[in-house]
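Participant: Quick one, what's the 3D model for this:
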Amino acid sequence: MFWRWETNVKLLRVYKIILLMNKRIWLSLAHMGGREQDFIKEAFDTNWVVPLGPNVDAFEQSLVEYLHEDRYVVALSAGTAALHLGLILLGVKSGDEVICQSFTFAASANPISYLEAKPVFVDSEKDTWNMDPVLLEEAIKDRLRKTGKLPKAIIPVHLYGMPAKMDEIMDIAGRYGIPVLEDAAEALGSELNGRKCGTFGELAALSFNGNKMITTSGGGALICTEEEAKQTKFYATQARDAAPHYQHTHIGYNYRMSNICAGIGRGQMYVLEDHVARRRTIHSLYVDLLKDVAGITVMENPDSRFASNFWLTCILVDPKLAGKSREDIRLRLDSENIETRPLWKPMHLQPVFTDAPFYGNGTSERLFDIGLCLPSGPTLTDEDIRRVVDTIRAI
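Facilitator: Reported below is the predicted structural model:
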């Protein structure tokens, strides 16, 4: 009888080990620090369960303090909403052209179409994978020559948390008098020359989706000036005029963040620095563990000016040296219960933007073909990262 009990205990231990070894490793899960529930409870206790409220105000202020710049922040329902309202503030209208980075998520480009404007896509450079300043100026000159007008705005993206070459981009934009709307959705905590991403352009958008650096269970924000903050709040709350009745002289949107979601964001601000530090540590571990694997290159900061938050650690797979393709590795990792994702498919290759002008050199297409995002969330342990790398090595 004792022998059977002892055997069963050993079997349960072995089974537990097997389950842990094969647990799902996710690409980037949200992590709660604990304070989130305090602010949510406060909202329920005070009956602030509607859009706007004390949590929204406090969350906006905490973001302002974190950015260390003379800026205002307006909390919104999504990063996409921030980009949409940003373009409205910049005066983008039907028929206007807006230059947008091609190598990005569709949310960077879709708001251009919301306004019936026309996206003009620019390829990436190899150092940061972001908008190529040389191609940017080429696009501006060519659009002016062909249309007789300058593009209305420029949308560079800090992809996967890596800062774009904003000094060069801002210099070009300034010479032609074109405003810049930064897409910093993936770059909260990233810096260029010690300056936070999202504070270079006239405007900038942040995202608090569930997989981002911090989350509000969905949500975003627009970084802007004081006057632009007033305009943003006006448009984001259905553009209601100052009148005792409901009167509207502009088209408005229901884009404001709820007090409940902002409560999550307030709690997340207490762990933001920890999240940035952990993702950078995970990236360093990947660099160390993959340094001698033939054909695998980990995306890194180009030089000391760049300080990516490494929202996602990304690798490039050279099939000639690795003997396997990006897709071979992705499928094998998936079979081992490890989630990965190909790099973004460039916008100029998307069927919905087939007719959009594109200025490129093949960089983003090449990156899409051979690039892979690895699990990078702050909840992952060092052992989880080693399991990912061991699986890659086994291939």
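
Participant: helices or strands up against whichever strand or helix holds Leu87?
Facilitator: Using DSSP states H and E, Leu87 falls within helix 79-89. Judged by 3 or more CB pairs under 8 Å, 6 or more residues apart in numbering; DSSP states H and E, helix 79-89 is in contact with strand 72-76, helix 110-114, strand 181-183, strand 203-207, strand 220-224, helix 226-236. For every residue, glycine as well, the C-beta is placed using N, CA and C.

Participant: Leu372 versus Leu331, what's the distance?
Facilitator: Distance, Leu331 to Leu372, using CB to CB, to the nearest Å: 11 Å.

Participant: Go through the helix or strand following the helix holding Leu87 and flag the buried ones.
Facilitator: Next along the chain after helix 79-89, taking DSSP H and E as the criterion, comes strand 97-101. For strand 97-101, burial by neighbour count (16 or more other CB atoms under 10 Å) applies to 97-101.

Participant: could I get the residues you listed as TSV with pLDDT and distance to Ala43?
Facilitator: TSV is the format used below for the buried residues of strand 97-101 (pLDDT from 0 to 100; distance: CB to CB, whole Å):
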residue	pLDDT	distance to Ala43
Glu97	98	43
Val98	99	37
Ile99	99	40
Cys100	99	37
Gln101	98	37
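
Participant: from the residues you listed, which is closest to Leu321?
Facilitator: The closest of those to Leu321 turns out to be Gln101 (CB to CB; 28.6 Å).

Participant: Tell me how many other residues crowd Ile296.
Facilitator: Applying other CB atoms under 10 Å, we find 21 residues neighbouring Ile296.

Participant: er, Ala139 I mean
Facilitator: Ala139 has 24 neighbouring residues, counting by other CB under 10 Å.

Participant: OK, contacts around it?
Facilitator: Taking CB atoms under 8 Å, 6 or more residues apart in numbering, we find Ala139 in contact with 99, 120, 122, 151, 357, 359.

Participant: Can you tell me the SS state at it?
Facilitator: Put simply, Ala139 is helix when judged by DSSP: H, G, I helix; E, B strand; the rest coil.

Participant: quick one: it from Gly174, how far?
Facilitator: Distance from Ala139 to Gly174, by CB to CB: 16 Å.

Participant: about what we covered before: out of the contacts of Ala139, who has the most neighbours?
Facilitator: Highest neighbour count within those: Val122, with 31 neighbours (other CB under 10 Å).

Participant: Quick check: phi and psi at that residue.
Facilitator: With angles defined as degrees, to the nearest 10, Val122 sits at phi -120, psi 140.

Participant: and it, bridged to which residues?
Facilitator: Assessed by DSSP bridges, Val122 has beta-bridge partners Gln101, Tyr359.

Participant: doesn't Pro133 make contact with it?
Facilitator: No: applying CB atoms under 8 Å as the test, Val122 and Pro133 come out as separate, 9.2 Å apart.

Participant: need the helices and strands packed on helix 79-89 in JSON lines with mean neighbour count, can you?
Facilitator: Below are the helices and strands packed on helix 79-89 laid out as JSON lines (neighbours: other CB atoms under 10 Å):
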{"stretch": "strand 72-76", "mean neighbour count": "26"}
{"stretch": "helix 110-114", "mean neighbour count": "20"}
{"stretch": "strand 181-183", "mean neighbour count": "29"}
{"stretch": "strand 203-207", "mean neighbour count": "29"}
{"stretch": "strand 220-224", "mean neighbour count": "28"}
{"stretch": "helix 226-236", "mean neighbour count": "17"}
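
Participant: which one of these lies closest to Gln247?
Facilitator: For the helices and strands packed on helix 79-89, the distance to Gln247 is smallest for helix 226-236, at 12.8 Å, taking CB to CB.

Participant: picking up where we left off before, and which of the buried residues of strand 97-101 is nearest Leu115?
Facilitator: Of these, the one sitting nearest to Leu115 (CB to CB) turns out to be Val98, at 8.5 Å.

Participant: if we can go back for a sec, please identify which of the helices and strands packed on helix 79-89 is closest to Asp127.
Facilitator: The nearest among the helices and strands packed on helix 79-89, by CB to CB, is strand 181-183 at 17.9 Å.

Participant: and Leu333, what is it in contact with?
Facilitator: For Leu333, the contacting residues are 339-340, 388, 391-392, by CB under 8 Å, 6+ apart.

Participant: pLDDT score assigned to the residue nearest to Thr363 when sequence neighbours are not counted?
Facilitator: Using CB to CB, 6 or more residues apart in numbering and skipping residues adjacent in sequence, the residue nearest Thr363 is Ser124, 4.7 Å away. Ser124 is assigned 98 on the pLDDT scale.

Participant: Can you report how many residues neighbour Ser124?
Facilitator: 27.

Participant: from memory it sits against Val134, does it?
Facilitator: No: with contact defined as CB under 8 Å, Ser124 and Val134 do not form a contacting pair (11.1 Å).
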